[in-house]
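> Next input, structure requested:
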Amino acid sequence: MNRLQKDKYEDHHTHVPYYPFQDEGEWELAKFLTTHLTQTEITHFLKLKWPSFTSAQQLCGWMDNLPSGPEWQCTMLTLQDCPTTRPICLIWRDAKTVVEDMLSNPVFANYMTFDPHIIMQGGEREYNGATLVPIIITSDKTPVMRHMGGLEMHPIFITIGNIQSDIRMQATSHTWHCVGFMPVPDFDVHPDFQTILSAHLFHSCMDTIFASLKHTAQYGVPMTDALGYVRNCFTPLIAYIADLPEQQLVACIAKNASPVTTATLSQFSDTFPHPPRSGAHTLRQIQELCAVVHPWDITNFQKKAKAIKLLGVHLPFWRDWKYADPACFLNGEMLHSCHKFFFDHPLKWCKEIARHHVLDTRYKTQHKRIGVHHFTSGISHVKQMTGHDHRDIQHTIVPMIAKSSPAIMPLFVYTICSLVEFIYKAQNPVHTNASIASMVDALAEFHLNRQSIIDAGAQWGTSGVKMDFNIPKLEVMQSFAQNIKDNGTLMQYTADVTECLLITHCKLSFERTSWQANTFVDQIVTLLNREENIHCFDLYLLLHKSTQLLENLIVVEDEEVSTINPLFSFMTRILPDEELSFSGPHHFRNFFANPKGFLSSSGAVAFHVTVKPNRVGITVTQMEDLYPFPHTTQYINHYIHIASGSDLTPLWSPSLGRFNVWHKCHIQQHSSFRSRYLMHSQVIQAYPCSEEHLFRVHDAVLLSCPDTDNITSQHSLVSYLYSDPFSDVAQIKTIFSPKVHTSVELPSYLASPLAFVEYFTVCADPMANREGMGLYRVQHPPTNNVTASPSSYYAVVPLTDIVHAVELVLVFETSITRINPSKESCLEAYEQYYVNSFADKESFNVMC
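Now for the predicted structure:
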């Protein structure tokens, strides 16, 4: 706040906070114009002549004079007399200034963690105190301008590890700041030397951007935190998020070697982790090489560097960053090392063996659930997918490939299953020694049985069947366990955030230029500084409106977290009574706090149905017409008899009373990993036949046992399935409740919605299942038992008995011939189904 108050217009702000703009509306308009339009487009807009600024030049001048943050600049670079087709212009700002800005930002004050740093001098402890500010970097090369020949830049982003990982993982929370746009020039040299010269330029640019942070890591610098306290801060580099080629660039390692271990191409398929390739070892190799060949004798230096698996860069940017070691700060990265690896290799193996048309048919036929990606056109024709697509296919690939081809043996399925299990376990947001050991065991099982992939003829290369697994990303997985122990869960270092930042921080800004090559760099610097001014002025206005001290804005953490949005949280604390608009992570609904909702008996699951039912006041006969199930009245009477202890209420009866019916409901749980965090709600469907739904749509659920209702417990699915003679996996046929006048108070067992369910029976458990998947198989009850007693295969239960939505995957060889299978009819068109524990990470954690 003190820095912002040094602005030359502070005297005007005392009377008009939005100066030089008239009011909040004009400020919002100015932001929109500046961040979305070019100057030419702004000029056309301002011909309307109603704002107080009348030209694009005047508006831009006002924006340029707002309180500023870390300033952008341009530096012209040359590289040892190596000519380029365009000048080399580094657009950057000082990384230490950006870190100071993040550390002092009050928006993140409630989400900062500071650990003490003890300094020992001569065997005695110094009590001057210090604070670690861990530095996390990410980068990725991207095209930023379609209109200038596909201009490529190399954006560099930075954040600090003091901010909670849940905040950092949200690209829209503004915890990541861009500190540089490196050029990707075309050198006027032989193509063989383009890579090494680009690598030299990358490390030279990194030296320029992070020079001040290296000094801070070595000697410490006083920095002010969000509450105004001055801390003696040190800035070690603890993580660099990048895909594999970028990791090799950072570590200065050749493409046929691991960036973090001593393994080379022929060792990538080894079943054990190789020793780490320490930074000291790499620097020693470089030093010995420089003693033999001058580093700018490019031809000879590159040749000898490749011989010892080096990239050919003699000055890595991390060489003088205290404690920086690529073997430590280059962590396993989930998006590329796992999800894209799955698309490039395991999915390709499955497609090769499972026959494309069969796999496509299975995905098309799979039951469609709300909120779950359904591959309507199959998966075999798709050549390029997003990370979300990769994850969605992982959810069902194991049961989908079962018996899809005569070449699919159970051991092949088990091998793929082991690899998917490893990927799931690596994504845990919380790890223990036991969970890490389980993850390592899953990878070991894959390696133990991977010969089944070769035996099936699934591993193909350019010259035929490949007999090895020398896959770089497979070798990187061997380091995951040590990465987690050193730096925490890998999910906080995923490149998903980077992919979003490339759009929000790069491409949109660059496309607002006038496309003139001779002024392009100056325009970009100006645009970036204006964006920074806008963010600073927005924060200034928030603080100016608040009448509270910042110390009073730090509050105790919420007991339940539905989403983490630091800006929303900050605004509601400093301006609780003012209506404001902003963009940020979507705040999903907390059904536990809904006074009109319902909770399970343990309070672990929340339920929600709409205030207005889909069908109001229908009779039991009309309900049987909608949902043609026999003996509806008998099942409801049976439930009432059991729930009331034979003490029947005279206020309502199913034969004479009326019903309200819902076609769907929402259920919500706490995370099984961290109970404070709420999960997105799941939608459970119970649609009758209609013009929209030609077949009835009935989702499957997991029902609580009579003696437990706690979904957050770590019980396996066995405790649910075998606690009763009949399975607790059921299909929701109808969601209903008695309709009475609002003045009538029904007993508790009729006060909340009920569900008519059909129980599945267990026909195979993972221990007895020889198909290699480790999944339960359930089946519909025998058709000759439709008229059985109400407690057998059909029942009415309280809606609050549901503990989890369940995904059932068809056992395709058990189809019922009289029904044509489709995504709508599939849960009626087959006799047996797999209970898919891979449906999502929460299901996997609870059921496995």
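
> Other residues contacting the helix or strand residue 166 falls within?
Using DSSP states H and E, residue 166 sits within helix 165-168. Contact with helix 165-168 is made by 108, 111, 136, 159, 173, 175-176, 488-489, 491-492, 497, 564, 566, as judged by CB atoms under 8 Å, 6 or more residues apart in numbering. Placement of C-beta: from N, CA and C, glycine included.

> Spatially central residue for this structure, please.
With distances taken as CA atoms, centre = their mean, the residue of the chain nearest its centroid is residue 496 (6.4 Å).

> measure it to residue 355 for me?
According to CB to CB, to the nearest Å, residue 496 and residue 355 sit 32 Å apart.

> Relative to residue 239, which of the contacts of helix 165-168 is nearest.
Closest approach between those and residue 239, by CB to CB: residue 136, at 4.5 Å.

> Now do the helices in the stretch 301-450 of the chain.
Listed in chain order, the helices of the stretch 301-450 of the chain (DSSP state H, counting those that start in this stretch) span 326-329, 334, 341-344, 346-354, 356-365, 387-401, 410-426, 433-449.

> So, low pLDDT: which residues of the stretch 251-400 of the chain?
Scanning the stretch 251-400 of the chain for pLDDT under 70 picks out 382-384.

> and residue 240, helix, strand or coil?
The local conformation at residue 240, judged by DSSP: H, G, I helix; E, B strand; the rest coil, is strand.

> Next, the contact list for residue 358, please.
Neighbouring residues of residue 358 by CB under 8 Å, 6+ apart: 404, 405.

> ditto for the one 4 residues further on
Going by CB under 8 Å, 6+ apart, residue 362 touches 400, 404, 810, 812.

> nearest to residue 15, of these?
Taking CB to CB as the measure, residue 15 lies nearest residue 400 of these, at 67.3 Å.

> separation between the nearest residue to that closest one once chain neighbours are set aside and residue 792?
Residue nearest to residue 400 in three dimensions, not counting chain neighbours: residue 362, with 5.1 Å by CB to CB, 6 or more residues apart in numbering. Taking CB to CB as the measure, residue 362 falls 32 Å from residue 792.

> Can you pull the phi/psi pair for residue 596?
The phi/psi pair for residue 596 (degrees, to the nearest 10) reads phi -100, psi 0.

> tally of neighbours for it?
9 (other CB atoms under 10 Å).

> and the closest residue to it other than its chain neighbours, how far is that from residue 662?
Distances taken as CB to CB, 6+ apart place residue 611 nearest to residue 596, at 7.0 Å, with adjacent residues excluded. Separation of residue 611 from residue 662 (CB to CB) stands at 11 Å.

> Now do the end-to-end distance for stretch 650-668.
Stretch 650-668 stretches 34 Å from its first residue to its last (CA to CA, to the nearest Å).

> meant to ask about stretch 444-459, not that
Start-to-end, stretch 444-459 (CA to CA) is 19 Å.

> Just the buried residues of it, please?
445, 446, 447, 449, 450, 452, 453, 456, 458, 459 (16 or more other CB atoms under 10 Å).

> So which of those residues is the closest to residue 281?
The closest of these, once distances to residue 281 are taken by CB to CB, is residue 447, at 26.2 Å.

> The spatially closest residue to that closest one that is not a sequence neighbour sits in which helix or strand?
Nearest non-adjacent residue to residue 447, counting by CB to CB, 6+ apart: residue 271, 4.2 Å away. Under the criterion DSSP H and E, no helix or strand holds residue 271.

> Please apply the same query to the one 3 residues further on.
Counting by DSSP H and E, there is no helix or strand that carries residue 274.

> who touches it in this structure?
For residue 274, the contacting residues are 258, 261, 262, 263, 267, 475, 478, by CB under 8 Å, 6+ apart.

> Could I get the pLDDT score of residue 148?
For residue 148, the pLDDT comes out at 51.

> shaky segments in the stretch 701-848 of the chain?
For the stretch 701-848 of the chain, the ranges with pLDDT under 70 are 705-727, 767-772, 783-791.

> returning to that earlier point: for PyMOL, write a command that selects the buried ones of the contacts of residue 274.
Buried subset of the contacts of residue 274, written as a PyMOL selection, criterion 16+ other CB under 10 Å:
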select buried, resi 258+261+263+475+478
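
> from the contacts of residue 274, which is closest to residue 54?
For the contacts of residue 274, the nearest to residue 54 is residue 258 (60.7 Å; CB to CB).

> correct me, but residue 590 touches residue 678?
Yes: contact criterion CB atoms under 8 Å: residue 590 and residue 678 qualify, at 6.0 Å.

> Can you pick out the residue with more neighbours from the two?
Using other CB under 10 Å as the criterion, residue 590 and residue 678 rank with residue 678 on top: 21 against 17.

> partner residues bridging the more buried one?
Here residue 678 sits in beta bridges with residue 670, as judged by DSSP bridges.

> For it, give its distance to residue 668.
Going from residue 678 to residue 668 by CB to CB gives 6 Å.

> list the residues that contact both of those two?
Contacts common to residue 678 and residue 668, judged by CB under 8 Å, 6+ apart, are 590, 592.

> Including distance to residue 167, could the helices of the stretch 301-450 of the chain go into JSON lines?
Compiled in JSON lines, the helices of the stretch 301-450 of the chain are given as follows (distance: least, CB to CB, whole Å):
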{"stretch": "helix 326-329", "distance to residue 167": "20"}
{"stretch": "helix 334", "distance to residue 167": "18"}
{"stretch": "helix 341-344", "distance to residue 167": "28"}
{"stretch": "helix 346-354", "distance to residue 167": "32"}
{"stretch": "helix 356-365", "distance to residue 167": "36"}
{"stretch": "helix 387-401", "distance to residue 167": "20"}
{"stretch": "helix 410-426", "distance to residue 167": "22"}
{"stretch": "helix 433-449", "distance to residue 167": "23"}
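
> Tell me the one of the contacts of residue 362 nearest residue 699?
Among the contacts of residue 362, residue 810 lies closest to residue 699 (CB to CB), at 14.4 Å.

> which one is the closest one nearest to, not counting chain neighbours?
Counting by CB to CB, 6+ apart, the residue nearest residue 810 is residue 830, at 4.9 Å.

> And the one you found, how far from residue 29?
58 Å.

> repeat for residue 530
Per CB to CB, residue 530 is found 15 Å from residue 29.

> Comparing those two, which shows the higher neighbour count?
Legend: neighbour count by other CB under 10 Å for residue 530 and residue 29, higher for residue 530 (21 against 16).

> And the closest residue to that one other than its chain neighbours, which helix or strand is it part of?
Spatially, and ignoring its direct neighbours in sequence, residue 530 is nearest to residue 63 (4.8 Å; CB to CB, 6+ apart). Using DSSP H and E, residue 63 falls within helix 56-64.

> residues of that helix that come out buried?
Buried positions in helix 56-64, judged by neighbour count with 16+ other CB under 10 Å: 56, 59, 60, 62, 63.

> Same check on stretch 288-296?
For stretch 288-296, the neighbour count (16+ other CB under 10 Å) marks 289, 293, 295 as buried.
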